[in-house]
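**Student:** Sharing a sequence plus its predicted fold:
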Amino acid sequence: MGFAVSVRCRQSLGGSVDAECDGGAAGADVVVLTALEVEYRAVCAHLEDTRPVQLERGAVFEVGAFREGSTERTVAIHMTGPGNPGAAVSVERAAALFAPRAVLFVGVAGGVKDVALGDVVAADAVYDYETGKDTGTGFLPRQKTHQSAYGLVQLARLVAAGDAWQRRIRPGDDAPRPRAHVKPIAAGGRVVAHHRSDVGLRLAAGAGDALAVDMEGFGFLAGAYVNQQLDALVIRGISDLLGDKGGAHDERWQPVASRHAAAFAFELIGRVPAADAAAARPLAAGARSAGAGARSAGAGPRPLAAATRSPGAGTAPEGPRRRRLTIRDLGVLADTLLAVPGMTSPARWQQLLDELPTVGTAVGRQSASRAEALSLLRTCEARRAMGELVEVVAVLAPDDPAAAELARRVEELGLE
């Protein structure tokens, strides 16, 4: 790739990344993916203490801290390169390596209608405009759609309704004050340069409510779709309008659009509950009312329900804060779970989930991949159901060494 991810991670001539990459694993609350260097730089500008982490099947990620007041969130970042296929694969690898609470794709896009240069579009849905049947009389669209996660879309609507996100825009060339929209976008493998092109006409006919077009959004959401534990959202800054694309134009507007998209993304990340503060809350719990403005000093993100609750309504006292499992802890537990005889078969995996009614519905049921095992463990941790998992595994595989090892490790980590 054309951008050195870190001065500590150098690409060797043989195609492998050398041993200067941090071999230690790290968890992440949110993973942010980008396609281009200019987008990656805009995201990095909001993070501190970034460091490379271990490879996931050749993919290099960096992890940094996003600090706001007394709250800190760990954010992993990765550059996928252009195109839907690479975006889909990167989501799968991010899920396997970090088991994050949310994953965002942040970058630039072409404006189709109702947007200005520098505006931001958070996609509530992404259309695949290229799917269809090419016949002797013309192209017959068979358009497919993926939707962004409901909780993240709700947060995006609140961010878009206020102006707080604009204060996060990093300094650069003067640009008009941007607006934010939560609307669909379209995605495909072509660079669309004019509204009268074949794709431009196809968008007008089959995706009339799409405000923008990109090359990664559909693949990104497709990757999240097969990792059901992931909440995903596409955030795009408008760097060109159909008909005005060119090299000089991109040089001026891609950095502007990237900074605006990153500013919106980190305003949203700031409202996602931190892991320790919201082990079992949905992502929408971090939303604030649109007019809430800046958070009071030292206060973390408040649940939306808490903001609307009557003053006299009581809440159950929170227990002592528990250490969140690291990705290394989760990886060891996942490997131990998958070592139980038969656990990697679809039938045994579904049997396990059927015996875990409080958490089994939150995890993919088709196979026992490592990503799904990580998802199950993270869900059990959040809902304090790790003891229940150990009991079920012991029943399914009595006297098995791997089942006993799982019980020992869970007890050693002090999990419930």
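**Tutor:** Noted; the coordinates are in hand.
**Student:** gap between D399 and W349?
**Tutor:** 21 Å (CB to CB, to the nearest Å). Placement of C-beta: from N, CA and C, glycine included.
**Student:** likewise L406?
**Tutor:** Applying CB to CB, the value for L406 to W349 is 15 Å.
**Student:** What are the boundaries of the helices in this protein?
**Tutor:** 37-44, 84-98, 150-161, 198-206, 217-225, 247-271, 304-308, 327-338, 346-354, 370-382, 386-396, 401-412 (DSSP state H).
**Student:** any idea which of those is most buried?
**Tutor:** helix 217-225 (a mean of 26; mean count of other CB atoms under 10 Å).
**Student:** what's it packed up against?
**Tutor:** Using 3 or more CB pairs under 8 Å, 6 or more residues apart in numbering; DSSP states H and E as the contact test, the elements touching helix 217-225 are helix 84-98, strand 102-111, strand 120-128, strand 144-147, strand 180-187, strand 231-241.
**Student:** So which bits of the shortest one are buried?
**Tutor:** What it means is strand 144-147. Buried positions in strand 144-147, judged by neighbour count with 16 or more other CB atoms under 10 Å: H146.
**Student:** what's next to that strand, contact-wise?
**Tutor:** 124-128, 131, 153, 218, 221-222, 224-225 (CB atoms under 8 Å, 6 or more residues apart in numbering).
**Student:** Need the worst-confidence member of the residues you listed.
**Tutor:** The member of the contacts of strand 144-147 with the lowest pLDDT is T131, and it reads 63.
**Student:** mind listing what the nearest residue to E405 once chain neighbours are set aside touches?
**Tutor:** Distances taken as CB to CB, 6 or more residues apart in numbering put T336 closest to E405, at 5.3 Å, once the chain neighbours are dropped. T336 sits next to 402, 405-406, 409 when contact means CB under 8 Å, 6+ apart.
**Student:** just to revisit the earlier point, same list, the helices of the chain, but as a markdown table with distance to H78 please.
**Tutor:** Output for the helices of the chain, formatted as a markdown table (distance: least, CB to CB, whole Å):
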| stretch | distance to H78 |
| --- | --- |
| helix 37-44 | 9 |
| helix 84-98 | 6 |
| helix 150-161 | 18 |
| helix 198-206 | 28 |
| helix 217-225 | 12 |
| helix 247-271 | 14 |
| helix 304-308 | 30 |
| helix 327-338 | 15 |
| helix 346-354 | 28 |
| helix 370-382 | 16 |
| helix 386-396 | 29 |
| helix 401-412 | 29 |
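**Student:** which one of these lies closest to R67?
**Tutor:** Nearest of the helices of the chain to R67, taken as CB to CB: helix 247-271 at 9.9 Å.
**Student:** Now do that closest one, average pLDDT.
**Tutor:** Helix 247-271 comes out at a mean pLDDT of 91.
**Student:** Which elements pack onto that helix?
**Tutor:** By 3+ CB pairs under 8 Å, 6+ apart, helix 247-271 packs against helix 37-44, strand 62-68, strand 71-79, strand 102-111, strand 120-128, helix 150-161, strand 231-241.
**Student:** could those be laid out in a markdown table, adding distance to E372?
**Tutor:** Formatted as a markdown table, the helices and strands packed on helix 247-271 follow (distance: least, CB to CB, whole Å):
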| stretch | distance to E372 |
| --- | --- |
| helix 37-44 | 28 |
| strand 62-68 | 23 |
| strand 71-79 | 19 |
| strand 102-111 | 16 |
| strand 120-128 | 24 |
| helix 150-161 | 21 |
| strand 231-241 | 16 |
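**Student:** So which of those is nearest G172?
**Tutor:** Of all these, helix 37-44 sits nearest to G172, with 9.2 Å by CB to CB.
**Student:** same for the closest one, what does it pack against?
**Tutor:** Counting contacts by 3+ CB pairs under 8 Å, 6+ apart, helix 37-44 packs against strand 30-34, strand 71-79, strand 102-111, helix 247-271.
**Student:** And the ones you listed: which comes nearest R179?
**Tutor:** It is, among those and with distance given as CB to CB, helix 247-271, at 9.8 Å.
**Student:** Quick one: find the helix or strand in the protein with the lowest mean pLDDT.
**Tutor:** Least confident helix or strand, the chain: helix 304-308 with a mean of 34, by mean pLDDT, DSSP states H and E.
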